[in-house]
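K.L.:
predicted coordinates and the sequence they were generated for:
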Amino acid sequence: MTGLLRRAVPRGRRRRPLPFSNTCPLSLTGGFLSAPVCYLPPPIMPDGAAAPRAGDAAADGGGGGPGHAAAAAAGVTILSSVGEMVAARERLPAGTRVGLVATMGALHGGHLELVRRSLADTDVTIVTIYVNPLQFSATEDLGTYPRTVDDDVALLTPLLAAPADAGTPPPPHLLFTPTVAEMRPAGATTTVATAVGDAAANPSSEGASRPHFFGGVATVVAALLHLTRPTVAFFGEKDAQQLAVVTALARDLHFGTTIVGVPTVREADGVAASSRNVYLTAAGRAAAPALYRSLVAARDAWAEAGETAASALRAAVRRGVDAGTAASGGRVLYVSVADRWSMAEVDGAVRSAADVRATAPGGEVVVCVAVQLGAARLIDNIVLR
Ligand SMILES: Nc1ncnc2c1ncn2[C@@H]1O[C@H](COP(=O)(O)OP(=O)(O)OP(=O)(O)O)[C@@H](O)[C@H]1O
Ligand SMILES: CC(C)(CO)[C@@H](O)C(=O)[O-]
Ligand code: BAL
């Protein structure tokens, strides 16, 4: 049976209704990708990155707990194989505006805001949950990264199962939770390199602090864009350099996807919502507002007091974060004042606030900070605007 989709579009646009089938049985066999696989020698991983470890698959998104059954009952389709994902994407009618929200799970208000943006701006939303081993170094927290798939499904279900207008079938939103074995089969050797995330490009950046990281992110995001072919993909501004990397990736490799940055969702005291906040001790949590407080102070010094020296802005953020977190064991990993899209560090002066206000936007500068606070590695940033 075919129905017409008529979703409320709160951002001032009502799109042409699209036909969706509300009886859409999904292949459980992996579609055309279930063809025989040629096994190759063990994969070569990027420098410092951890290969998928035994046991990862059991802890990642595959399988289905009680939350999956509830989601299925509410009409949310959860897919765990690449073949199912490809087949489901193939079934969407031409012209469907598809939104992608890529996550590593342990969902919080930041993720849900991305999903809401996608639901408002596109016809069909695909949320992915995948803890990507390629973006963790051997000494990082791949093994302990919070995996809360049932809770995640429970949070997503009310959003993704929200009914369309009466009388029309709901849009076929999807949750894709592949295993490592599905996403990165034994023998996979190809990775995507990115100059925007390159440590050499900026020694005081997230890319330099986590040299393995952006190669892993670019590789998995390229695979997810390829599998889901989204019209728009939504990424959080909290991960400023990741947003720059993904924007360059989509543009440079002609994915035809628009990358949209979503403003950082914060707790009442300014702390950016983050899955790794669960690692904070009570003292660390009490100290964590120092990051955003220091960033806001630097932005105010630029906007209101005319401070344009990048070195002064960097020093002010470092001083503020040190003062707020050192007693709780906080250690500043880097402070960066960089072009928002190339991530090149600014050596001299940033454009003044008056100049930015008076002329066309462009050449935005972002101030980023990373802090190790006990077991939690926190990042945050503010754009000078
Ligand atoms: N507070 C937030 N506000 C808006 N978007 C966010 C926020 N936190 C994460 N995101 C975005 O959600 C997407 C998935 O991020 P991810 O699953 O790594 O969550 P995370 O909280 O950043 O995790 P971690 O604590 O491991 O860094 C990314 O695009 C990320 O930028
Ligand atoms: C973009 C991403 C899902 C790739 O694994 C991850 O880096 C994240 O959750 O920000
Ligand atoms: N939030 C980006 C994913 C990561 O830190 O591994």
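P.N.:
Yes, it's here. Ligands and ions are numbered 1, 2, ... in the order given.
K.L.:
so how far is stretch 128-140 off the chain centroid?
P.N.:
Taking CA atoms, centre = their mean, to the nearest Å, one finds the center of stretch 128-140 at 13 Å from the center of the full chain.
K.L.:
C-alpha coordinates for it, CSV please?
P.N.:
The C-alpha coordinates for stretch 128-140 follow below in CSV (Å, rounded to 0.1, in the frame of the first residue of the first chain):
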residue,chain,number,x,y,z
THR,A,128,23.6,5.2,13.1
ILE,A,129,25.1,3.8,16.2
TYR,A,130,28.6,2.4,15.7
VAL,A,131,31.6,2.5,18.0
ASN,A,132,34.3,2.8,15.4
PRO,A,133,37.6,1.0,16.4
LEU,A,134,39.5,2.8,13.7
GLN,A,135,39.3,6.1,15.6
PHE,A,136,40.6,4.8,18.9
SER,A,137,44.3,4.4,19.6
ALA,A,138,45.5,1.3,21.4
THR,A,139,45.7,3.2,24.7
GLU,A,140,42.3,4.8,24.5
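K.L.:
in the stretch 1-150 of the chain, what residue lies closest to ligand 1?
P.N.:
Closest to ligand 1 within the stretch 1-150 of the chain is Gly110: 2.4 Å, counting by CB to the nearest ligand atom. Heads up, the C-betas are built off the backbone N, CA and C, glycines and all.
K.L.:
contacting residues around that residue?
P.N.:
Contacts for Gly110 (CB atoms under 8 Å, 6 or more residues apart in numbering) come out as 236, 238, 262, 264-265, 272-274.
K.L.:
so what does the helix or strand hosting Ala301 touch, helix or strand wise?
P.N.:
Applying DSSP states H and E as the criterion places Ala301 in helix 289-305. With contacts taken as 3 or more CB pairs under 8 Å, 6 or more residues apart in numbering; DSSP states H and E, helix 289-305 sits against helix 310-325, helix 353-358, strand 365-373, strand 376-384.
K.L.:
could you give me the average pLDDT of the second one?
P.N.:
Put plainly, it is helix 353-358. Mean pLDDT, computed over helix 353-358, is 88.
K.L.:
just to revisit the earlier point, now check the helix holding Ala301, is it near ligand 1?
P.N.:
No: applying CB under 6 Å from any ligand atom, one finds helix 289-305 separated from ligand 1 by no less than 10.8 Å.
K.L.:
how far does that helix sit from its chain's centre?
P.N.:
Relative to its chain's centre, helix 289-305 lies at 25 Å (CA atoms, centre = their mean).
K.L.:
how many neighbouring residues does the closest residue to Arg276 other than its chain neighbours have?
P.N.:
Of all residues not flanking Arg276 in the chain, Ala376 sits nearest, at 5.3 Å (CB to CB, 6 or more residues apart in numbering). Look at Ala376: counted by other CB atoms under 10 Å, it has 19 neighbours.
K.L.:
so what's Ala376 bridging to?
P.N.:
Leu373 (DSSP bridges).
K.L.:
test my guess that it contacts Gly284.
P.N.:
Yes: in this structure, Ala376 is within contact of Gly284 by CB atoms under 8 Å, at 6.1 Å.
K.L.:
for the helix holding Ala301, list the C-alpha coordinates in CSV.
P.N.:
In CSV, the C-alpha atoms belonging to helix 289-305 read as follows (Å, rounded to 0.1, in the frame of the first residue of the first chain):
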residue,chain,number,x,y,z
PRO,A,289,32.1,24.3,33.7
ALA,A,290,35.6,26.0,33.6
LEU,A,291,36.0,25.0,30.0
TYR,A,292,33.0,26.9,28.6
ARG,A,293,33.3,29.7,31.1
SER,A,294,36.9,30.3,29.9
LEU,A,295,35.9,30.1,26.3
VAL,A,296,33.1,32.6,26.8
ALA,A,297,35.5,34.9,28.6
ALA,A,298,37.9,34.8,25.7
ARG,A,299,35.1,35.4,23.2
ASP,A,300,33.9,38.4,25.3
ALA,A,301,37.5,39.8,25.4
TRP,A,302,37.5,39.6,21.6
ALA,A,303,34.0,40.9,21.1
GLU,A,304,33.8,43.6,23.8
ALA,A,305,37.4,44.5,24.8
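K.L.:
and that helix, average pLDDT?
P.N.:
98.
K.L.:
hang on, the earlier thing: ok, the residue nearest to Arg276 - contacts?
P.N.:
Contact analysis of Ala376 by CB under 8 Å, 6+ apart lists 276-277, 279-280, 284.
K.L.:
pick the one among these closest to ligand 2.
P.N.:
Of all these, ligand 2 sits closest to Arg276, with 10.8 Å by CB to the nearest ligand atom.
K.L.:
is the closest one part of a helix or strand, or is it coil?
P.N.:
Assigned by DSSP: H, G, I helix; E, B strand; the rest coil, the conformation of Arg276 is helix.
K.L.:
tally of neighbours for it?
P.N.:
So Arg276, with other CB under 10 Å, has 17 neighbours.
K.L.:
quick one: it and Arg285, what's the gap?
P.N.:
Here the criterion is CB to CB, to the nearest Å. By it, Arg276 lies 12 Å from Arg285.
K.L.:
over to Ala240?
P.N.:
As judged by CB to CB, Ala240 and Arg285 stand 22 Å apart.
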